[in-house]
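Q: Give the three-dimensional model of this entry:
(2 chains)
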2 protein chains.
Amino acid sequence: MRQKHDKTEIIQKGIQLFREKGFHNTGVDDILRACNIPSGSFYNFFKNKEGFAVQALELYNQKYLEYLDSVLDNQKLSPVKRLKKMFNQNVKEHVNNDCSLGCLLNSMTSEVAALNLKIAERAGQHYEKNAERIAMVLKEGQESGEIRKDFTPLELAFYLIDGFSGATVRMQAGKTDQPLKLFMKTAFSFLEAHRK
Amino acid sequence: MRQKHDKTEIIQKGIQLFREKGFHNTGVDDILRACNIPSGSFYNFFKNKEGFAVQALELYNQKYLEYLDSVLDNQKLSPVKRLKKMFNQNVKEHVNNDCSLGCLLNSMTSEVAALNLKIAERAGQHYEKNAERIAMVLKEGQESGEIRKDFTPLELAFYLIDGFSGATVRMQAGKTDQPLKLFMKTAFSFLEAHRK
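A: Prediction:
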């Protein structure tokens, strides 16, 4: 039975396939089949697979930024508590996925960055946006004395992003959340090092 | 003109292709063409592409371990100085590659870990071996008082590996060594935090 799909649903299915199977290993045909749509419906919305991937990164990161806002805007918790909650929820989600799925920004960058400058550049912009959002809370924490001040909020944000990203890849290799737990211990020890 | 290739040369060419183009995007045909050999020569040595990938990871990491030994065995430098030298040489190599090529362990894991348990498991074992080698120097540094003691040497080794791995992916997105420089600043501030 033919199902009606809108653009967002097609992109969401593509995100899932890219995360499970990789970018090159997911053909437009796989996306058509997963959505049960003819190729015309796909090319109506997207110029080609590269254009689709750029929009997939866009939607994926938009959802992630909404998630960041939902946790990091909560003024009832201290900045450090908000950041811990945010990462802990990320950890839970990875555990729910059996520690096997990575972040689309990382996997896409890692797979295609040497070949495709457009995708790499877009991924880079999304990392920047995430870091800027996280830096806002880090700045609050620095002002309240909770967080060390010898690095800028943006440096600390990238520190957190890179550490979590590396831990996520190693999590995928061993199918265990141990690297994520180590990240939580080391990263927050780093942020609060001045208090010891 | 037909060239004679030995097994190691074929694997080295494959490593290069996997790092430049990704795993799924590199076919056995690409490897044959790059080495100028017929398919028989390939299947003489390797059962299939998966078997080839496992051996590629093996050789890649064996070379990396030899590199670690060459820098980390140098008793003329303190443990922290040896670790700095080791990572600084990694940074230089990335800059020489225009910040576009990642680590094969990371890119392979990130691309295929959800699909291929055998490759994921092997990658996981290589991460362990690298961490154990790096932990030896961290232990020395803890004993001499240079390095903090509130995490085990192995935890600190994985902390360094994950942080550098995440920084390398973001380096590939932005084609800049800025993430690697941030890693150097934050990671060594972390290792030596007790001295402040």
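Q: use CA for all of it now, contacts and neighbours both
A: Fine.
Q: okay, the angle between the strand or helix carrying A:Ser110 and helix B:104-112?
A: Element membership of A:Ser110 [criterion: DSSP states H and E] is helix A:104-112. Relative orientation of helix A:104-112 versus helix B:104-112 (axes from the mean of the first three to the mean of the last three C-alpha atoms, to 10 degrees): 120 degrees.
Q: and A:Lys49, how far is that from chain B?
A: Using C-alpha to the nearest C-alpha, to the nearest Å, A:Lys49 is found at 14 Å from chain B.
Q: Next: A:Leu115.
A: In terms of C-alpha to the nearest C-alpha, A:Leu115 sits 6 Å off from chain B.
Q: list the contacts for that residue?
A: Counting by C-alpha atoms under 8 Å, 6 or more residues apart in numbering or on different chains, A:Leu115 touches B:Glu20, B:Lys21.
Q: give me the low-pLDDT residue ranges for chain A?
A: Filtered on pLDDT under 70, chain A yields the residue ranges A:1-5, A:196.
Q: where exactly do the helices run in it?
A: Along chain A, counting by DSSP state H, helices occupy A:7-21, A:28-35, A:39-45, A:49-72, A:79-96, A:104-112, A:117-144, A:153-174, A:178-191.
Q: Out of those, which is closest to B:Met184?
A: Counting by C-alpha to C-alpha, B:Met184 lies closest to helix A:153-174 out of the helices of chain A; the figure is 10.6 Å.
Q: Now do the closest one: which elements does it pack against?
A: For helix A:153-174, the packing partners by 3 or more C-alpha pairs under 8 Å, 6 or more residues apart in numbering or on different chains; DSSP states H and E come out as helix A:117-144, helix A:178-191, helix B:104-112, helix B:117-143, helix B:153-174, helix B:178-191.
Q: coming back round to it: B:Arg133: which of the helices of chain A is closest?
A: Going by C-alpha to C-alpha, the one of the helices of chain A nearest B:Arg133 is helix A:153-174, 16.8 Å.
Q: Relative to the whole chain's centre, how far out is that closest one?
A: 10 Å (C-alpha atoms, centre = their mean, to the nearest Å).
Q: Then stretch A:178-190?
A: Averaged C-alpha coordinates place stretch A:178-190 at 18 Å from its chain's average position (C-alpha atoms, centre = their mean).
Q: And for stretch A:62-80?
A: Per C-alpha atoms, centre = their mean, the centroid offset for stretch A:62-80 relative to its chain is 14 Å.
Q: May I have the distance across it, first residue to last?
A: 23 Å (C-alpha to C-alpha, to the nearest Å).
Q: Now that stretch: buried residues?
A: Under the neighbour-count criterion of 16 or more other C-alpha atoms under 10 Å in any protein chain shown, stretch A:62-80 has A:Leu65, A:Leu68, A:Val71, A:Leu72, A:Ser78, A:Pro79, A:Val80 buried.
Q: go on, stretch A:46-59?
A: A:Phe46, A:Lys49, A:Phe52, A:Ala53, A:Val54, A:Gln55, A:Ala56, A:Leu57, A:Glu58, A:Leu59.
Q: Now the two most distant members of these.
A: Pairwise distances among the buried residues of stretch A:46-59 were taken by C-alpha to C-alpha; the largest, 15.1 Å, belongs to A:Lys49 and A:Leu59.
Q: Distance to B:Ser39 added to the helices of chain A, as TSV?
A: Below are those laid out as TSV (distance: least, C-alpha to C-alpha, whole Å):
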stretch	distance to B:Ser39
helix A:7-21	26
helix A:28-35	29
helix A:39-45	35
helix A:49-72	31
helix A:79-96	40
helix A:104-112	26
helix A:117-144	32
helix A:153-174	30
helix A:178-191	40
